[in-house]
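1. From the sequence below, what's the structure:
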Amino acid sequence: MAAIVAVGAVLTLVRWLAAHWWVALLLTVVAAVAGGAWFHLRQERRRWERLRARELRYAMSHLDSLNPTQFEHAIRDLMDRDGCREARQVGGRGDNGADVKATDPFGRRWVIQCKHRRDGDRGSAVGTPDLHVVAGTARQLHGADVAVMVTNGRFSSQCPPLARTQRIHLVDRRLLGEWAAGGRPLWELLRALPPPRRASPLS
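-> Numbering: from 1, shown residues only. Next up, the predicted model:
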């Protein structure tokens, strides 16, 4: 019975609209205008968010105050600020050495492992075992063009030689501070990066 009533109501509405076609046309125009306005506002909001992101700055004192997950989010936001597509935080249990992934404007795939130290450079140094994890997974599992280990603390003296042989870029407290507080993207602060995969307006 309910279905019959519903069908009857629809047929009545169709007949009425056929007799008053200008109403259907008016409703179509109103819907199109409303949809266009919504789309424009959405685009403007995204544009505003991109402009705001480009002005993102972090002081080291703020980064020190974060917990490890918040630190990963901050690194993701810095990559996003620098114009990376698909910058996202993926860290957590079983992350296989990847906390942040991003694709830079040159098409290079970045895989970043984050090590937060509550006491900054006064805390324990990041050691080679952490680098071994990144070396074994960044390219093989995650398809990285650029593998990075970033910390608000410091690295042990054994890390730089190992990082060079494994083509892992180390971002310590000093370099992180320069990146976070300045406006230059990370790829301008690092050396010996792989060549771009494609042309970019930034090249």
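2. Now do the spatially closest residue to residue 185 that is not a sequence neighbour against residue 147, distance only.
-> Spatial nearest neighbour of residue 185, chain neighbours left out: residue 82 (3.6 Å); criterion: C-beta to C-beta, 6 or more residues apart in numbering. For glycine as for every other residue, the C-beta is placed from the backbone atoms N, C-alpha and C. Per C-beta to C-beta, to the nearest Å, residue 82 is found 17 Å from residue 147.
3. and if you look at residue 114?
-> On the measure of C-beta to C-beta, residue 114 and residue 147 end up 13 Å apart.
4. Now do the SS call for the residue nearest the centre of the chain.
-> For the chain, the residue sitting closest to the mean C-alpha position, by C-alpha atoms, centre = their mean, is residue 87 at 2.0 Å. When classified by DSSP: H, G, I helix; E, B strand; the rest coil, residue 87 comes out as strand.
5. you'd agree it is up against residue 76?
-> Yes. In this structure residue 87 lies within contact range of residue 76 using C-beta atoms under 8 Å: 5.2 Å.
6. anything in contact with each of the two?
-> Counting by C-beta atoms under 8 Å, 6 or more residues apart in numbering, the shared contacts of residue 87 and residue 76 are 100, 102.
7. where are the low-confidence patches of this structure?
-> Where the chain drops to pLDDT under 70, the residues are 5, 24, 40-54, 199-203.
8. Alright, that wraps it up for me.
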